[in-house]
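[1] what follows is a protein structure lacking sequence information:
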């Protein structure tokens, strides 16, 4: 969708306002931006003040029960907000909307539009069919991207991990045409984005004809104005030697990646249907690290079939893998997944294993930062004296630099999770 031309002052004065609440991942943030463009085309501008809003868009997550509960709880609190002024509208969108379906509208009859994650591409039609938001009167406003421009390249997932609800609510993989993606990158770069983050549920599974994910990364990096290209979230299965060979010599590809391991036990990984073993996972991690990548991860404790020995394997994976950061979670059963039918561990076991794992990973980030002392880092400045390296380490400087510029700087010391440059 193209940016709108400037509207006359009289039009701006009568524009309605929409408050957007987004839960979940970066992909949801990108989806919210896309949905806002369609609302903008119907005369809405964005506001951060709920009291002055004429409409609320709630874009939801259902990966964990807690995220879904927060979104539904917020929806419930909007009943009073809607009664305060006639004509207010509420849209409940995204993954939780897809999972809960029409039962949600029965429970919350004041909800105007339910738009599931599978319907994001048809959101404009959904607005039109409701008859509540008026006709499209412009091409819609595209919000400035900031230094990082998020670009969705695919939706859905073809895996069937036994604990995961995403395939149910997002559907199978659908890759966007590469030229549409590159055009969006050009638009965001022209609007000031210096870093492009490519998004997808299994983002490195991208394929458009003969164009591979590595091809897309390299083509994105060639677009004028782009100084760094990242991606999230990849799946370990799709990291191959061919992928590494295709990108290893491109300095614009960010050297940090987030690769969810989920468990260190081959038995549990098989029962999760992750598609790899502990040995294969470690082999891929070591190959990526040898190519200069820093890896963060997700780990789940208390999967229903996880024994104490399996959990010990996850603890030892942390020792062996060399992660820079690990995000740790208790297993959260999701209705409609195979694992939700299994016998669950007690909350006491879940809490104890999570505490043990958190103690294990506590010093990872600080150690990773300390290891960068004496190196030279290319810093993309997000403020005049602070920015991130290609490996996603925060760097502080004594001099100031233009926001959005880059500089290669020697690292003098590390203070916690901050590198101090000698400049």
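    Perfect, thanks for sending it. Because the structure is predicted, anything quoted here is derived from the model rather than measured. Residues are numbered from 1 along each chain as shown.

[2] ranges for the strands of the stretch 1-150 of the chain?
    For the stretch 1-150 of the chain, the strands defined by DSSP state E, counting those that start in this stretch cover 16-22, 44-47, 55-60, 89-94, 113-116, 148-152.

[3] brain fart, the stretch 301-423 of the chain
    Under DSSP E, counting those that start in this stretch, the stretch 301-423 of the chain gives strands at 325-330, 376-383, 386-389, 394-396, 406-414, 419-421.

[4] who does the fourth one pair up with?
    Strands adjacent to strand 394-396 in the sheet, as given by DSSP bridges, are strand 386-389 (antiparallel), strand 419-421 (parallel).

[5] quick one: mean pLDDT over the last one.
    The pLDDT scores in strand 419-421 average 98.

[6] which helices and strands sit right next to the lengthiest helix in the chain?
    Longest helix in the chain by number of residues (criterion: DSSP state H): helix 65-83. For helix 65-83, the packing partners by 3 or more CB pairs under 8 Å, 6 or more residues apart in numbering; DSSP states H and E come out as strand 55-60, strand 89-94, helix 95-100. To be clear about C-beta, it is placed using only N, CA and C from the backbone, and glycine gets the same treatment.

[7] rerun that using 6 Å as the cut-off
    Helices and strands in packing contact with helix 65-83 are not found; criterion 3 or more CB pairs under 6 Å, 6 or more residues apart in numbering; DSSP states H and E.

[8] would you mark the buried spots in that helix?
    Buried residues in helix 65-83, defined by neighbour count with 16 or more other CB atoms under 10 Å: 67, 68, 70, 71, 72, 75, 78, 81, 82.

[9] contact partners for the first one?
    Neighbouring residues of residue 67 by CB atoms under 6 Å, 6 or more residues apart in numbering: 23, 24, 61.

[10] hmm, which of these is lowest in pLDDT?
    Among the contacts of residue 67, residue 24 has the lowest pLDDT, at 90.

[11] what's the closest residue to that one other than its chain neighbours in contact with, if anything?
    Nearest non-adjacent residue to residue 24, counting by CB to CB, 6 or more residues apart in numbering: residue 61, 2.8 Å away. Neighbouring residues of residue 61 by CB under 6 Å, 6+ apart: 23, 24, 67, 95.

[12] likewise residue 205?
    Counting by CB under 6 Å, 6+ apart, residue 205 has contacts residue 238.

[13] quick one: it from residue 216, how far?
    Using CB to CB, to the nearest Å, residue 205 is found at 12 Å from residue 216.

[14] for the nearest residue to residue 151 once chain neighbours are set aside, grab the count of nearby residues.
    The shortest distance from residue 151 to any non-neighbouring residue, by CB to CB, 6+ apart, is to residue 184 (5.2 Å). Residue 184 has 20 neighbours, counted by other CB atoms under 10 Å.

[15] out of the strands of the stretch 1-150 of the chain, the one nearest residue 397 is which?
    strand 148-152 (19.7 Å; CB to CB).

[16] what segments of the stretch 251-400 of the chain are helices?
    Using DSSP state H, counting those that start in this stretch, the helices found in the stretch 251-400 of the chain span residues 266-272, 278-290, 308-321, 347-361, 364-370.

[17] could you report the distance from residue 310 to residue 266?
    9 Å.

[18] now render the strands of the stretch 301-423 of the chain as TSV, adding mean neighbour count and distance to residue 209.
    Below are the strands of the stretch 301-423 of the chain laid out as TSV (neighbours: other CB atoms under 10 Å; distance: least, CB to CB, whole Å):
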stretch	mean neighbour count	distance to residue 209
strand 325-330	18	35
strand 376-383	18	32
strand 386-389	23	34
strand 394-396	18	39
strand 406-414	16	33
strand 419-421	21	42
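
[19] quick one: distance of stretch 353-368 to the chain centre.
    23 Å (CA atoms, centre = their mean, to the nearest Å).

[20] what do you get for stretch 239-250?
    Using CA atoms, centre = their mean, the offset of stretch 239-250 from its chain centre is 23 Å.

[21] mind checking the end-to-end distance for it?
    Distance across stretch 239-250, first residue to last, is 16 Å (CA to CA, to the nearest Å).

[22] what sits up against it?
    214, 217, 218, 221, 253, 284, 291.

[23] residues touching residue 350, list them.
    Residue 350 touches 302, 330, counting by CB under 6 Å, 6+ apart.

[24] need the pLDDT of it.
    98.

[25] do residue 144 as well
    For residue 144, the predicted pLDDT is 72.

[26] burial count for it?
    11.

[27] for burial, what's the neighbour tally of the residue nearest to it when sequence neighbours are not counted?
    Of all residues not flanking residue 144 in the chain, residue 191 sits nearest, at 5.6 Å (CB to CB, 6+ apart). Residue 191 has 15 neighbouring residues, counting by other CB under 10 Å.

[28] where does residue 191 land on pLDDT?
    92.

[29] go on, the one 5 residues further on?
    pLDDT recorded at residue 196 is 98.

[30] what is the neighbour count of it?
    Neighbours of residue 196 (other CB under 10 Å): 28.

[31] next one: residue 312
    For residue 312, using other CB under 10 Å, the count is 13.

[32] again with residue 423
    A count of nearby residues for residue 423, using other CB under 10 Å, gives 16.

[33] ok so, going back, now list the buried members of the contacts of stretch 239-250.
    Judged by neighbour count, with buriedness set by 16+ other CB under 10 Å, the buried members of these are 214, 217, 218, 221, 253, 284.
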